[in-house]
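[1] Please work out how this folds:
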Amino acid sequence: MAALDQKSPNVLLQSLCCRITGKSEAEVAHQFQYAVRVIGSNYAPTIERDEFLVSEKIKKELLKQRREADAALFSELHRKLQTQGVLKHRWSVLYLLLSLCEDPRKPSCRVPGYGALFAQGLPRDAHSTPFYCARPQSLALGYADRSSSMHTSASLGTSGVSSLGTYTLNGPTLTPPCLMPQTQAAGDSLRQQLGSRLAWTLPPSASPSATAPTSRGSLGPPGPVARAPHRPRREGDDSGTLASTEVGEAALVRDILYVFQGIDGKFIKMCSPENCYKIDAKMPLSKSLRDMSSRLAELGWLHNKVRKYTDSRSLDRAFGLVGQSFCAALHQELKEYYRLLSVLHSQLQVEDDQGVNLGSESSLTLRRLLVWTYDPKVRLKTLAALVDYCQGRKGGELASAVHAYSKTGDPYMRALVQHILGLVSHPILNFLYRWIYDGELEDTYHEFFVASDPTVKTDRLWHDKYSLRKSMIPSFVTMDQARKVLLIGKSINFLHQVCHDRTPPGKLTPASKSTESPKDAAELFTDLEGTFQGKIDAAYFETSKYLLDILNKNYLLLEHLQAMRRYLLLGQGDFIRHLMDLLKPELARPATTLYQHNLTGILETAVRATNAQFDSPEILKRLDVRLLEVSPGDTGWDVFSLDYHVDGPIATVFTRECMSCYLRVFNFLWRAKRMEYILTDIWKGQMCNAKLLKAMPELSGVLHQCHILASEMVHFIHQMQYYITFEVLECSWDELWNKVQQAQDLDHIIAAHEVFLDTIISRCLLDNNNRSLLNQLRAIFDQIIEFQNAQDALYRSALEELQLRLQFEEKKQQREAEGEWGVTAAEESEEKKRIQEFQETIPKMRSQLRILTHFYQGIVQQFLVLLMSSSDESLQFLSFRLDFNEHYKARDPRLRVSLGATRGRRSSNV
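    Predicted coordinates:
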């Protein structure tokens with residue numbers, strides 16, 4: 001038993017105390033009690049459990065002592081120790097070795113040295129917390145978890161509210177321990193001093209969980225700064241009364257520490273009406289202490305403001321992922337703030353236990369609190385301003401609000417805001433990369449700037465299903481980048497759903513690594529014009545090129561575009577002429593008597609008889625006949641139209657609106673072509689009948705009048721055809737084709753095609769602005785048709801009369817050859833009477849032609865006036881060509897003035 005007693009821990013511990021102090025067992029009773037209490041406690045050191053950091057400190061100590069060889073040997077031994085699993089608590093062993101190597105003769109290691117300790121600034125533990133690249137709910141809760149997470153996740157360094165001395169100009173970035181400057185060793189030793197003092201000077205009744213500043217059980221302040229509703233007061237909190245004794249500075253310091261946490265103190269309380277912390281005006285207190293207390297209490301008000309925002313938003317699911325990331329960033333900043341409060345509270349506890357008098361070198365005063373809380377106060381002010389500015393915002397709009405605060409000249413504040421921006425923008429970048437690489441959009445809370453409408457059908461997917469939600473575009477993303485992002489994902493979905501392309505999204509674009517952490521997001525946003533722009537451009541070009549290749553090779557987009565030009569815009573001349581010849585008998589009939597299958601058969605005949613037969617069957621099978629709505633009195637010419645069926649992916653380019661424009665242009669061109677066809681028939685009739693009607697000299701004046709009017713009409717129609725064919729269609733088509741060849745995405749083709757149609761509609765006088773011009777042009781076309789009818793009637797009557805005269809002369813010569821009288825008196829009188837009746841109709845014909853000419857020239861004059869008043873220069877030039885000899889200018893004063901004014905404007909502009 002005696003042997004066992006000699007080896008018991010108590011006996012060994014007492015012997016150790018005697019040997020260290022050099023005193024007897026009776027004299028070391030007090031030290032022995034402390035030793036037993038410390039060994040029986042579960043206190044943790046006040047520093048991070050970072051094995052690498054401790055090993056680096058040991059090597060630094062060896063280097064300070066100029067023992068480079070020992071430092072290298074230690075590094076090698078430590079490396080070997082890490083590869084073996086002999087020790088489970090290597091950090092504790094290294095920490096013990098570090099503590100043993102401290103020189104006990106240094107003044108900083110003595111117990112009374114608190115004044116020097118706090119004069120050099122707070123320990124590094126008060127302001128340095130690694131940033132964990134994880135979601136708030138996945139942050140380590142225990143000390144061991146946090147230590148392990150430091151070794152397995154990329155750390156961005158501190159972003160703490162309480163950065164007091166070691167904050168770098170480059171922002172919240174943790175420098176690797178091996179690269180830290182030598183000045184940090186002072187902070188490390190200070191942290192060790194503070195940890196050792198807190199461990200050796202605790203009173204016997206102190207609970208470990210109540211004073212350990214390194215507990216991380218929640219996002220709130222650890223240990224004594226936890227936000228508990230019923231918090232025990234210190235001894236001395238009740239010292240003094242409000243009425244009789246002046247409040248001391250020590251009591252105010254204790255109250256301020258409570259106010260820092262948002263808890264009302266004994267003397268400083270929250271004034272709800274004024275929304276601030278106030279000291280009772282009746283309290284006997286000097287003005288300097290009152291002012292300093294008010295300035296310090298602002299820190300508690302700022303804390304309350306930020307904490308209230310996070311508490312109200314953290315559980316709000318509708319706030320979205322971006323909002324939750326913002327709340328997580330605020331929580332991290334508050335955790336750093338709580339660590340500062342933990343250190344301050346520990347210092348106050350040490351003062352109480354050691355009995356340090358107020359005013360001594362080592363005491364905690366209001367003035368020292370003002371110095372130590374200056375940087376945290378500035379950071380909390382920034383956070384409070386962010387909270388105010390971000391009220392009511394979510395998603396990309398919230399990210400824009402945070403980004404707006406990064407444009408400051410203060411490097412510390414800019415680094416803080418950029419750190420928060422990295423957290424906030426992380427969900428947005430996840431949305432973005434999933435959209436541009438997979439075409440997937442999972443935006444439950446409408447935070448992303450790409451919006452989707454699930455009610456839109458597949459045929460309108462490209463135009464209507466996806467759109468930009470402009471309010472959610474972050475300010476650091478340009479509109480061009482947002483448009484490219486929209487196009488990338490839209491192209492992927494278009495390929496899968498409309499083109500039925502089964503190529504995996506990963507093969508469409510070289511998908512790069514998405515942002516795995518907010519660190520990646522922060523680094524990405526530092527190079528928006530480089531890395532970020534490069535990723536967007538690479539995905540944009542690859543996806544768009546693949547989509548255009550599919551449309552051109554598999555769906556013959558360009559061939560269909562050329563087919564529209566050849567058939568609906570009358571570019572295939574031989575086909576259109578032959579079709580018009582074949583359709584002339586059918587279309588001359590009333591519109592109600594036409595049948596579509598008959599016209600379709602004629603169309604197929606025209607295709608087989610012309611060069612159209614060499615087109616692709618895929619194109620010819622889409623060509624069809626369409627009959628428009630019939631109005632009373634319409635002929636087949638008024639209701640006939642060609643049609644081109646489109647479906648599938650090409651319907652995205654040739655939409656219903658586009659096909660409606662093609663139909664309008666075709667009807668206009670078809671009518672203009674018909675006028676050319678009519679005038680050709682008129683000219684052929686005049687040439688064929690000119691020699692026949694020489695035998696009727698009384699018709700020479702009327703026929704001359706017909707020739708003149710026909711020449712005017714031919715000149716007008718030829719100039720109009722030249723304008724439509726070359727200046728409108730060919731020029732516009734050349735621009736369209738060049739744009740299509742240079743197009744980088746499908747939207748460029750669609751936009752160029754729409755511009756092409758709008759140009760044709762406008763310059764062919766089919767838009768609303770040129771409605772009066774179109775009405776005049778249609779009136780001219782009607783006059784041409786009337787002239788054809790009048791000339792046909794004239795030639796019909798003249799040829800009948802000529803035929804009767806020839807028959808009379810032939811009968812007369814036949815009788816004379818037989819030896820009889822050629823004509824009797826009765827027949828001669830009857831012949832003269834008929835000739836006289838025919839001659840009496842000639843003035844009526846001449847009058848009819850004169851009226852027709854007058855109407856035609858009046859309409860042309862009005863048309864020229866409208867052309868000159870047009871803002872389109874091409875229409876003004878058309879008026880010069882139509883009146884090349886100034887014939888109409890001499891007849892109409894309005895046209896003269898308009899032409900002169902126009903020429904004056906042109907010369908002045910030159």
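[2] nearest spatial neighbour of Gln347, skipping sequence neighbours?
    Leu364 (5.4 Å; Cβ to Cβ, 6 or more residues apart in numbering). Using the backbone N, CA and C atoms, a C-beta is placed for each residue, glycine as well.
[3] Only alpha carbons, please: show stretch 549-569 as CSV.
    Output in CSV follows, covering the C-alpha atoms of stretch 549-569 (Å, rounded to 0.1, in the frame of the first residue of the first chain):
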residue,chain,number,x,y,z
ASP,A,549,-24.2,23.5,-88.2
ILE,A,550,-27.2,21.3,-87.3
LEU,A,551,-29.7,23.8,-88.8
ASN,A,552,-27.7,24.1,-92.1
LYS,A,553,-26.7,20.5,-92.6
ASN,A,554,-29.7,18.6,-91.2
TYR,A,555,-32.5,21.1,-91.8
LEU,A,556,-31.2,23.0,-94.9
LEU,A,557,-31.9,26.5,-93.4
LEU,A,558,-30.0,28.4,-96.1
GLU,A,559,-31.6,26.4,-98.9
HIS,A,560,-35.0,27.3,-97.5
LEU,A,561,-34.0,30.9,-97.3
GLN,A,562,-33.0,30.9,-101.0
ALA,A,563,-36.3,29.1,-101.9
MET,A,564,-38.2,32.0,-100.3
ARG,A,565,-36.3,34.4,-102.5
ARG,A,566,-36.9,32.4,-105.7
TYR,A,567,-40.6,31.6,-105.3
LEU,A,568,-42.3,34.0,-102.9
LEU,A,569,-40.2,37.0,-104.0
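[4] Just the helices from the stretch 251-400 of the chain, written as ranges.
    287-313, 320-354, 366-372, 374-389, 395-404 (DSSP state H, counting those that start in this stretch).
[5] Using CSV, please lay out those helices together with distance to Glu27.
    CSV is the format used below for the helices of the stretch 251-400 of the chain (distance: least, Cβ to Cβ, whole Å):
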stretch, distance to Glu27
helix 287-313, 45
helix 320-354, 22
helix 366-372, 38
helix 374-389, 46
helix 395-404, 64
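[6] closest to Pro617 out of these?
    Of all these, helix 395-404 sits nearest to Pro617, with 49.8 Å by Cβ to Cβ.
[7] Put the alpha carbons of the closest one into PDB.
    Extracted in PDB, the C-alpha atoms of helix 395-404 (Å, rounded to 0.1, in the frame of the first residue of the first chain):
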ATOM      1  CA  GLY A 395     -31.200  37.200 -56.000                       C
ATOM      2  CA  GLY A 396     -29.100  39.100 -58.500                       C
ATOM      3  CA  GLU A 397     -30.500  42.400 -57.300                       C
ATOM      4  CA  LEU A 398     -29.100  41.600 -53.800                       C
ATOM      5  CA  ALA A 399     -25.700  40.800 -55.400                       C
ATOM      6  CA  SER A 400     -25.800  44.100 -57.200                       C
ATOM      7  CA  ALA A 401     -26.500  46.000 -54.000                       C
ATOM      8  CA  VAL A 402     -23.500  44.300 -52.300                       C
ATOM      9  CA  HIS A 403     -21.300  45.000 -55.400                       C
ATOM     10  CA  ALA A 404     -22.200  48.700 -55.200                       C
END
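[8] Show me what secondary structure element comes after it.
    Next in sequence after helix 395-404, counting helices and strands by DSSP states H and E, comes helix 411-438.
[9] Would you check that Tyr540 makes contact with Lys484?
    Yes - with contact defined as Cβ atoms under 8 Å, Tyr540 and Lys484 form a contacting pair (4.4 Å).
[10] returning to that earlier point: with distance to Lys621 and mean pLDDT added, can I get the helices of the stretch 251-400 of the chain in CSV?
    CSV is the format used below for the helices of the stretch 251-400 of the chain (distance: least, Cβ to Cβ, whole Å; pLDDT from 0 to 100):
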stretch, distance to Lys621, mean pLDDT
helix 287-313, 61, 90
helix 320-354, 51, 88
helix 366-372, 85, 89
helix 374-389, 62, 92
helix 395-404, 48, 91
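[11] mind listing what His748 touches?
    Lys739, Gln742 (Cβ atoms under 8 Å, 6 or more residues apart in numbering).
[12] tell me which element it is part of?
    Using DSSP H and E, His748 falls within helix 746-763.
[13] Next: Ile602.
    Ile602 belongs to helix 596-609 when assigned by DSSP H and E.
[14] and if you look at Gln861?
    helix 825-868.
[15] residues in contact with the very next helix or strand once past that helix?
    Sequence-wise, the next helix or strand downstream of helix 825-868 (DSSP H and E) is helix 873-882. Outside helix 873-882, the residues that touch it by Cβ under 8 Å, 6+ apart are 715-716, 719-720, 722-723, 727-728, 763, 773, 860, 863-864, 867-868, 870, 888, 899, 902.
[16] Please check those residues and keep the buried ones.
    Buried subset of these (neighbour count, 16 or more other Cβ atoms under 10 Å): 716, 719-720, 723, 728, 763, 773, 860, 863-864, 867-868, 870, 888, 899, 902.
[17] follow-up on the earlier one: average pLDDT across the very next helix or strand once past the helix holding Ile602?
    For helix 596-609, the succeeding helix or strand toward the C-terminus, using DSSP H and E, is helix 617-620. In this model, helix 617-620 has an average pLDDT of 94.
[18] Flag every buried residue along whatever helix or strand comes next after helix 617-620.
    From helix 617-620 onward toward the C-terminus, using DSSP H and E, the following helix or strand is strand 623-627. Residues Leu623, Val625 are the ones in strand 623-627 that count as buried (16+ other Cβ under 10 Å).
[19] Alright, I will stop here.
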